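Novice: Predicted model and sequence follow; I will ask about them next.
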Amino acid sequence: MVPEAIAGLAAVYGGSKVTRYARADRDTRASIRQAYRIRRRWRRFAPMAGLFALQAPGRLAALRTPDGFAPVPKTLIPTLKTRPDRFGVTVTANTLPKVGLTAWRSAEESLRDAWGFPRVKISQPKPGLVLVRGFRNEPLDTHTDSVLMTSGGDLCFQPGELTSEDPIFLGFTEDGEPVRLNLRRSAHGLIAGVTRSGKSITTNTLLAAASLMRDVRMVVIDPNLAAAAPWWRTAHTVSSSVQPDEPIEILREIRAEMERRAGTFWAGRTDRIETFSEEMPLILLVIDEVANYTRHPDKKKREAFEAELSAIASQGAKYGVRLWLLAQKPSADVLTTAIRTNLSSRICHRVDTTEDFLHLFPDGRDLDVTAADRSMPPGVSIASLGDMRTPSRMRSVYLSTEDCWRINDAMCAAGLQIRELPESAPSMPFDAAA
Ligand SMILES: Nc1ncnc2c1ncn2[C@@H]1O[C@H](COP(=O)(O)OP(=O)(O)OP(=O)(O)O)[C@@H](O)[C@H]1O
């Protein structure tokens, strides 16, 4: 019975590995094979790389050793665990006496050559453990499609299937770590970058995921209409007005909703809304090209817009509002420091100057990354959001505007259409539905 149970367990374990391999994409399969080779050759390779320790022989060894011979010390080798993914393999090893981070770093070149990685990154996440991240593919150079659509153009999630608690997968850091945004737990955000740097593609993912969440109410203000167009029929509120009047009205309505929600604090004995529902949705307010309003030539309108925006930026989060602003260059004349300070999640695509970068990351001069880099390709940014400990390079996942239209078509088919497209829609160049 016992050997049968062991055989059964082994079959299940082996079966799950085979299934995992069969389901993996081509790059992950190559990494699975690479991880296997690393483990198989490890005991022979570790002493050659100097990654071993000698343990003085104990009394038992002395007893077992024939007379006239000195007892041989035991060779200890770090134990490896491997985690393959599409970029390469992450190897975790325990440290041994004198085989800590320094020894692993000294062996970096041998590890790179023996394991076949163009780049490895060695770190110590906690005492007793060393992490070697081997990259066969660079995460920043690797195109990643959004998880919201299949390669065949079908939706991976049906409208209403997600909630604000579901993480939005925005991209990968340069170390291959997924970057996820949790709308419920995070506060406001800012996306910057020169034209064609990738702001819209990043925003597509944010808006598309939010539109599939049943407890999120989407409000999109966009003087260029580009970001708003796919969501025109289904977003709760949408405006493409170049003049600030309509956006000011929308911001006032949100403020009125905030005041209405303040009343619920008494009943709930709380000072913030942390759970959302269809009756009490999270309000995602996205404003593209915010400079169009904050630098509007009409001073009175500009100030009225800024006053509303400032109130939402400072107070909105606790009432369940998440404000995301997009700007090419969020300098002080575009966004006041008071507003900017409240936009804690930051994504900075390529910008022109270091000063522009510092508007998003005031400590940017001390960082070893910058977005004021002309070689930075579209889709790559410096990001600080979610559980990232320091700002890091990120490559956004790709979700085309055409895919956003497809998601919107599916929402309309599910009876979620709120309004018709504007009269001018058929002539819009980006109207994939036309
Ligand atoms: N994450 C990405 N992966 C692959 N390609 C990308 C990515 N992001 C952007 N691109 C490429 O860069 C082009 C420009 O991106 P996008 O339209 O998002 O720029 P933008 O900053 O919004 O520009 P604009 O301000 O002019 O609207 C896209 O059409 C696409 O070809």
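Specialist: Perfect, I can see it now. A quick note: this is a predicted structure, and the numbers were derived from the prediction, not measured. Residues are numbered from 1 along each chain as shown.

Novice: May I have stretch 119-130 as PDB, with CA atoms only?
Specialist: Coordinates of each C-alpha in stretch 119-130 appear next as PDB, following Å, rounded to 0.1, in the frame of the first residue of the first chain:
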ATOM      1  CA  ARG A 119      23.100  38.500 -17.700                       C
ATOM      2  CA  VAL A 120      22.700  37.400 -14.100                       C
ATOM      3  CA  LYS A 121      21.700  39.500 -11.100                       C
ATOM      4  CA  ILE A 122      22.700  38.300  -7.700                       C
ATOM      5  CA  SER A 123      21.000  39.600  -4.500                       C
ATOM      6  CA  GLN A 124      20.300  38.600  -1.000                       C
ATOM      7  CA  PRO A 125      16.600  39.000  -0.200                       C
ATOM      8  CA  LYS A 126      17.000  37.800   3.400                       C
ATOM      9  CA  PRO A 127      19.800  36.400   5.600                       C
ATOM     10  CA  GLY A 128      20.600  32.800   4.700                       C
ATOM     11  CA  LEU A 129      19.400  33.100   1.100                       C
ATOM     12  CA  VAL A 130      21.000  34.100  -2.100                       C
END
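
Novice: Tell me how confident the model is about that stretch, as a mean pLDDT.
Specialist: Per-residue pLDDT over stretch 119-130 has a mean of 96.

Novice: Report the distance from that stretch to the chain centre.
Specialist: Computed by Cα atoms, centre = their mean, to the nearest Å, the chain-centroid distance of stretch 119-130 equals 22 Å.

Novice: same deal with stretch 402-416?
Specialist: On Cα atoms, centre = their mean, the centre of stretch 402-416 falls 24 Å from that of its chain.

Novice: Likewise for stretch 378-396?
Specialist: The answer for stretch 378-396 is 7 Å, by Cα atoms, centre = their mean.

Novice: So which bits of it are buried?
Specialist: 378-386, 391-396 (16 or more other Cβ atoms under 10 Å). To be clear about C-beta, it is placed using only N, CA and C from the backbone, and glycine gets the same treatment.

Novice: do stretch 171-184 and the ligand meet?
Specialist: No: Stretch 171-184 does not reach the ligand (Cβ under 6 Å from any ligand atom); its nearest approach is 6.9 Å.

Novice: Get me the contact residues on the stretch 51-200 of the chain for the ligand.
Specialist: Going by Cβ under 6 Å from any ligand atom, the residues of the stretch 51-200 of the chain near the ligand are H143, G193, T195, R196, S197, G198, K199, S200.

Novice: Let's see the ChimeraX selection covering just the buried ones among those.
Specialist: Buried residues within these, by 16+ other Cβ under 10 Å, are selected in ChimeraX with:
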select :193,197,198,199,200
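
Novice: Close to the ligand as well: tell me which of the buried residues of stretch 378-396 qualify.
Specialist: P378, G379, S396.

Novice: How about the contacts made by the second one?
Specialist: Each residue near G379 by Cβ atoms under 8 Å, 6 or more residues apart in numbering is listed here: G171, G198, I201, T202, H349, R395, S396, Y398.

Novice: And for the first one?
Specialist: Residues touching P378, when contacts are defined by Cβ under 8 Å, 6+ apart, comprise R196, S197, G198, I201, H349, R350.

Novice: of all those, which two lie farthest apart?
Specialist: I201 and R350 (13.0 Å; Cβ to Cβ).

Novice: So for these two, which residue has more residues nearby?
Specialist: R350 (27 against 20; other Cβ atoms under 10 Å).

Novice: Surely the more buried one and F357 touch.
Specialist: No: R350 is beyond contact range of F357, at 9.5 Å (criterion: Cβ atoms under 8 Å).

Novice: Narrow the contacts of P378 to those in helices?
Specialist: I201 (DSSP state H).

Novice: Would you mind checking the average pLDDT for stretch 379-393?
Specialist: Rounded mean pLDDT across stretch 379-393 is 90.

Novice: Dump that stretch to PDB, keeping only the CA atoms.
Specialist: Extracted in PDB, the C-alpha atoms of stretch 379-393 (Å, rounded to 0.1, in the frame of the first residue of the first chain):
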ATOM      1  CA  GLY A 379       6.400  51.300 -23.700                       C
ATOM      2  CA  VAL A 380       9.300  51.500 -21.300                       C
ATOM      3  CA  SER A 381       9.000  53.800 -18.300                       C
ATOM      4  CA  ILE A 382      10.300  54.400 -14.800                       C
ATOM      5  CA  ALA A 383       7.600  53.300 -12.500                       C
ATOM      6  CA  SER A 384       6.900  53.400  -8.800                       C
ATOM      7  CA  LEU A 385       3.600  51.800  -7.800                       C
ATOM      8  CA  GLY A 386       2.100  48.800  -6.100                       C
ATOM      9  CA  ASP A 387       4.500  47.000  -3.900                       C
ATOM     10  CA  MET A 388       7.600  48.200  -5.700                       C
ATOM     11  CA  ARG A 389      10.200  49.200  -3.100                       C
ATOM     12  CA  THR A 390      12.200  51.600  -5.400                       C
ATOM     13  CA  PRO A 391      11.400  53.200  -8.700                       C
ATOM     14  CA  SER A 392      12.300  50.700 -11.400                       C
ATOM     15  CA  ARG A 393      12.300  50.400 -15.200                       C
END
